[in-house]
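Undergrad: build me a structure from this.
(2 chains)
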Number of protein chains: 2
Amino acid sequence: MSIEIRRFSSAQNDFAEQMNNLLAWEAVSDAGVQKTVTDIIDAIRTRGDDALIEYTNQFDRMAVASMAQLELTQQQLQQALDTLPPAQRDALLAAAERVRAYHEKQKQDSWSYTEADGTLLGQKVTPMDRVGIYVPGGKAAYPSSVLMNAIPAHVAGVPEIIMVVPTPGGELNQLVLAAAAAAGVSRVFTVGGAQAVAALAYGTATVPQVDKIVGPGNIYVATAKRAVFGQVGIDMIAGPSEILVVCDGKTDPDWIAMDLFSQAEHDEDAQSILVSTDAAFLDAVKASVDKLLPTMERQEIIRTSLINRGAFIHAQSDADAIAIINRIAPEHLELSVENPQAWLPQIRHAGAIFMGRYTAEALGDYCAGPNHVLPTSGTARFSSPLGVYDFQKRSSLIMCSADGASEMGKIASVLARGEFLTAHARSAEYRIKD
Amino acid sequence: MSIEIRRFSSAQNDFAEQMNNLLAWEAVSDAGVQKTVTDIIDAIRTRGDDALIEYTNQFDRMAVASMAQLELTQQQLQQALDTLPPAQRDALLAAAERVRAYHEKQKQDSWSYTEADGTLLGQKVTPMDRVGIYVPGGKAAYPSSVLMNAIPAHVAGVPEIIMVVPTPGGELNQLVLAAAAAAGVSRVFTVGGAQAVAALAYGTATVPQVDKIVGPGNIYVATAKRAVFGQVGIDMIAGPSEILVVCDGKTDPDWIAMDLFSQAEHDEDAQSILVSTDAAFLDAVKASVDKLLPTMERQEIIRTSLINRGAFIHAQSDADAIAIINRIAPEHLELSVENPQAWLPQIRHAGAIFMGRYTAEALGDYCAGPNHVLPTSGTARFSSPLGVYDFQKRSSLIMCSADGASEMGKIASVLARGEFLTAHARSAEYRIKD
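TA: From the prediction side, this is the model:
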C-alpha cells in the first residue's frame, strides 16, 4: 500500500511557495489557554502549596492531602536506578557518561586582561544557583530528556537542580526516576502543567523558587513558560520535532526511510523531509517507506506525520540542496553523503548536524554526546542546542587604574553631556586628574 | 534642604521584609497595552508597509507617503559622523574602539574532537544572518546605546544589522546617526514602537525580516518583543536601571553621591542603593546628596527616584554586605572598597562589577569596553550582559565512524525501546555490525 507524500523539485517555478507551505507552522495559545494559565499562575502566587495540591488532584487525577506526598526522595531515585534491568541500567549510565563528557567541553571560564595603564577588564562566569527541569509525564515521559536537560546544568556546577514531572493517575515511570539519579537531580516533585511552572518561577512554601526553567511540555506548559519569562529565565519554546535528510543517493534506502520514520514517530505534527539530487533514489526511498511502514509499531502516527508534513524534494544540484538546508534551518540535519565535512562551511543554520551514512539521528537522541534539546521550526537561525552555557551567566569586570579612569573620564564626560546626562558626566569628571 | 531616603540596617528584625519591599518591581502590560500591541502586530503582518506608514504617521506625528521617506542612507549616517564637533566625534570613535576591543575577546570559536574509534564530535559556531537593533527616539535617544547594541553584532560577524529609531515629529538625533555609522549598522529605518518590532520580526516589502531583535524600549516595545519571541530571538526585557554601591567608608562621599545620582537621573523608577558597614559614612554621603542635589540639571528626576526607590543600608559586616549583593543581583555593582578583588569570589550575581574607587559606573556606560546593556531587576541571577555570544549560535556536530555507530547503536537501541520509540531503535540497529 502506497502512501501519498508531497514531492517537488527545486526546478519548479513555484518552488519558493512550495517551501513556504511545507514549513508553515505556528503554535497558537488561544485565549482560553491564556486565561487558564493566567488564572493558574495567579492562584499559585497567592495560595502556594494549597493551589498546587488542588490543581494536581484535579488535572492529574490524584488524591493527595499534602506536599509531602508530591515529593520523591533521593532514595526512591537511586532505588529506581539500582533495580533497573542491567541492560537498561548500563545503557542509561553509558549514555549519561557520553553526554557528560561532551558537555564538559562547553564549560566557559572567566577571563580578564590588563591594559597598559593598569586598568583591568574581564568577564566572570558563574553557574546559576538553582534551576528547574520540566519533564512531561504519561506516555511521553522520556528518560533521555531528563539526561539531556539535567546533565548540562550539573556540568555547569548548578548546586540545586529541581525536577518536576506529573504522574497522571499516580503512575511513576521508573526509567525517568533512574535517569534523574544518573543525571544528578537534587529534588523531584511529582507535579506538572502550568501549576508546576508557576511554582518553580515564584516558589511556594515547599517548592523552591528557581532561576531558570527548561524542558519541553504541552501548550499549557509552553504558555506558562512564556508568561513567567523575565521572572525566571527559560529555554526556547519548542515546536514539533523535525529532520532534514540530505542524501547523495548512495545510502541504503531502507536506512533513510527508517531515519525519516524515527522523526515522524514522535507525533503527528513531526516533520521528516528528504532531499536528494538523485530522483531515482527518492523513488527507492519511497518504495522502502511503503515496504517498511506496515512493520512499524507506531505506523499510524508515522503515516499521519508523513502525509501531512513530510516531503521528498528533488534538488537540481548540491548548491540547491545547501540553499534548502539554510532555508529550513532544520532542528536535525542528516548529511548522508560521501564527504559531509566538505559541506560544512556553507551550512549556516542547523540545530545538530549528523554527518555520514553511519550517523543515524537516533544516536544523537540518546548517547552520542551532544544535546537532543535543539532549536525547532527554523529557530536555529538564532538559537542553539541546550548546553552548559544555558546554566552559566557572566558578569563584566571593570577595575580602572587612576590613570585609566582619568583618560576614560574625559571620553565619558563628552558623551554623557551629549546625552544630557550630567550626573554621569560629573561622576566621571571627579576621576579626571587635574 | 534634606530629602528623605529610606534607611535601614541588616541588624533589623524586619531586614528581609525591608529588602523585599525595596526590591519589589513588576512590569505590567495591562490588557489595553496587550490589545493595542496584538492589533498592531496583526496589521503589520497582513498589510505590511502600508500599516507601518500609517502607524508611524499616527504615533510619531509624521506625514510620509512612502517607505522611502522612512529610510536613511549610509551617506546620511556618515555625514552625521563627519560633521560632529571634533571633540564629540573623537569621543564617539574612542568609545567605539574600546567597546570593540573588549567584545573581540568574547568571540567563540568552533571546536571538535575525535574519539579513539574515529567518531568526531564538536560544535560549529556561526553568526546570525541579520539582526534588528531597536533604538528609542525622542529625549531618551542615546548614541551610546547604538554602540552597545550594534558593536557586539558587528564583532560576531553578522552581515546585516538593521536599526530602527523613531523620529517623533521628524526630529533626527545626529549623534545617534553618527553612532550608527561608527558601529557598522547596515540600514536605518525611522520607525519605532510595536510596529517597528513587528516589521523586523515578520518583514514587510521594505523592512527585511531579522533573526533577532535587541535594544530597549517603552512598554509597547517590550510587550511586542515578548509577543514575537519564538518567531525571532530577543534579548532580555529590561526593567528600570539600578546601581548598588558598596563602600568601605573611605571614598570621597561626594563621589559616591554623584555615582548614586548618575543612576537616579535615568528616570523616576531608577534605583540607587548604598551599602556600607560605616554608619557615619552613610551620614556623610547623605549630607553630600543634600548639598549636591540642588546643583543637578535633572534634580527633579533624581529626587523622585531617590525618595521612591533609593536606600541607604547599614551592613553589620562585610559578609552582610556580600549577602545583600547576592540578594539584589544588581545590574551595576560598584565595589568602592580597598581590595575589591578579594570580594569577587563570593559575588555570585551582578551584571557588571565596577571595582575600586576610580571606577565610576558612568565609565562603563560609555567607554570602558564592557557592554552597558545589563540584566536588571535581579535577572543577573540567570542572565548576562549583552555580548557577542548573543549574536552567534551553535550547531552540534556528530560524525560516527562505522565502529562508533555500532557501539552507540547498541546503547541507543536499548534506550529507544525503553521509550517505545521503535523506529529510533531500528534506525540505530541498522548501523550495528553483525
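
Undergrad: any idea where the strands of the stretch 101-250 of chain A begin and end?
TA: For the stretch 101-250 of chain A, strands defined by DSSP state E, counting those that start in this stretch occupy the ranges A:111-114, A:120-127, A:130-134, A:160-164, A:187-189, A:212-214, A:233-234, A:242-247.

Undergrad: so which of those strands comes closest to chain B?
TA: strand A:233-234 (3.7 Å; CB to the nearest CB). Heads up, the C-betas are built off the backbone N, CA and C, glycines and all.

Undergrad: near chain B, anything from that closest one?
TA: Yes: contact of strand A:233-234 with chain B (CB under 8 Å from any CB of the partner chain) involves A:G233.

Undergrad: what helices and strands are in contact with that strand?
TA: strand A:212-214, helix A:219-228 (3 or more CB pairs under 8 Å, 6 or more residues apart in numbering or on different chains; DSSP states H and E).

Undergrad: deepest in the core, which of these is it.
TA: Among the helices and strands packed on strand A:233-234, strand A:212-214 has the highest mean neighbour count (mean count of other CB atoms under 10 Å in any protein chain shown), at a mean of 25.

Undergrad: one step back: so which of the strands of the stretch 101-250 of chain A is the most surrounded?
TA: By mean count of other CB under 10 Å, the strands of the stretch 101-250 of chain A have strand A:130-134 as the most buried, with a mean of 27.

Undergrad: and of the strands of the stretch 101-250 of chain A, who's closest to B:I161?
TA: Nearest to B:I161, of all the strands of the stretch 101-250 of chain A, is strand A:120-127, at 22.8 Å by CB to CB.

Undergrad: now the helices: where do they sit in the stretch 201-350 of chain A?
TA: A:219-228, A:253-264, A:279-292, A:299-309, A:318-328, A:340-343 (DSSP state H, counting those that start in this stretch).

Undergrad: may I see those organised as a markdown table, with mean pLDDT and distance to A:P370 added?
TA: Shown next, in a markdown table, are the helices of the stretch 201-350 of chain A (pLDDT from 0 to 100; distance: least, CB to CB, whole Å):
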| stretch | mean pLDDT | distance to A:P370 |
| --- | --- | --- |
| helix A:219-228 | 92 | 23 |
| helix A:253-264 | 97 | 16 |
| helix A:279-292 | 98 | 26 |
| helix A:299-309 | 97 | 24 |
| helix A:318-328 | 98 | 18 |
| helix A:340-343 | 97 | 15 |
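
Undergrad: who wins for proximity to A:A196 among those?
TA: Between A:A196 and the helices of the stretch 201-350 of chain A, the tightest spacing by CB to CB is seen for helix A:219-228, at 7.8 Å.

Undergrad: ok, the residue in the stretch 1-150 of chain A that chain B sits nearest to - contacts?
TA: The nearest approach of the stretch 1-150 of chain A to chain B comes at A:A91, 3.9 Å away (CB to the nearest CB). Residues near A:A91 by CB atoms under 8 Å, 6 or more residues apart in numbering or on different chains: A:367, B:410-411, B:414-415, B:418.

Undergrad: now, the most widely separated pair of those residues?
TA: B:K410 and B:G418 (13.3 Å).

Undergrad: at the contact with chain B, which residues of the stretch 151-300 of chain A appear?
TA: For the stretch 151-300 of chain A, the residues in contact with chain B (CB under 8 Å from any CB) are A:175, A:211-212, A:226, A:229-230, A:232-233, A:236-237, A:252, A:254-255, A:258-259, A:261-262, A:264-266, A:296-298.

Undergrad: just the buried ones from those residues?
TA: Among those, those classed as buried by 16 or more other CB atoms under 10 Å in any protein chain shown are A:175, A:211-212, A:226, A:229-230, A:232-233, A:236-237, A:254-255, A:258-259, A:261-262, A:264-266, A:296, A:298.

Undergrad: low-confidence regions, the stretch 101-250 of chain A specifically.
TA: Scanning the stretch 101-250 of chain A for pLDDT under 70 picks out the ranges A:139-140.

Undergrad: so for chain A, the centremost residue is which one?
TA: The C-alpha lying nearest the average C-alpha coordinate of chain A belongs to A:V373 (CA atoms, centre = their mean; 3.1 Å).

Undergrad: grab the nearest non-local neighbour of that residue.
TA: Leaving aside its chain neighbours, A:V373 sits nearest to A:L386 (3.7 Å; criterion: CB to CB, 6 or more residues apart in numbering or on different chains).

Undergrad: what residues are up against the one you found?
TA: A:148-149, A:152, A:214, A:235, A:371, A:373-374.

Undergrad: looking at the contacts of A:A91, which one is closest to B:Q392?
TA: Using CB to CB, A:C367 comes nearest to B:Q392 of these, at 27.0 Å.

Undergrad: how many neighbours does the closest residue in space to the closest one that isn't next to it in sequence have?
TA: Distances taken as CB to CB, 6+ apart place A:A95 nearest to A:C367, at 3.9 Å, with adjacent residues excluded. Per other CB atoms under 10 Å in any protein chain shown, the neighbour tally for A:A95 reads 27.

Undergrad: do the same with the one 10 residues further on
TA: In terms of burial, A:K105 registers 16 neighbours under the definition other CB under 10 Å.

Undergrad: still on that earlier bit, the contacts of A:L386 into TSV, with extra columns for distance to A:V191?
TA: Shown next, in TSV, are the contacts of A:L386 (distance: CB to CB, whole Å):
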residue	distance to A:V191
A:M148	21
A:N149	16
A:P152	23
A:V214	16
A:D235	19
A:N371	25
A:V373	21
A:L374	26
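
Undergrad: so of the residues you listed, which ones are in helices?
TA: A:148-149, A:152 (DSSP state H).

Undergrad: out of those, flag the one nearest to B:L274.
TA: B:L274 lies nearest to A:P152 out of the ones in helices among the contacts of A:L386, by CB to CB, at 38.0 Å.

Undergrad: pretty sure that closest one sits against A:N371.
TA: Yes: using CB atoms under 8 Å, A:P152 makes contact with A:N371 at a distance of 6.6 Å.

Undergrad: which neighbours do those two share?
TA: Joint contacts of A:P152 and A:N371 (CB under 8 Å, 6+ apart) are A:103, A:386-387.

Undergrad: can you pull the poorly scored residue ranges out of the stretch 301-434 of chain A?
TA: Using pLDDT under 70, the stretch 301-434 of chain A has no residue that qualifies.

Undergrad: thank you kindly, that will do.
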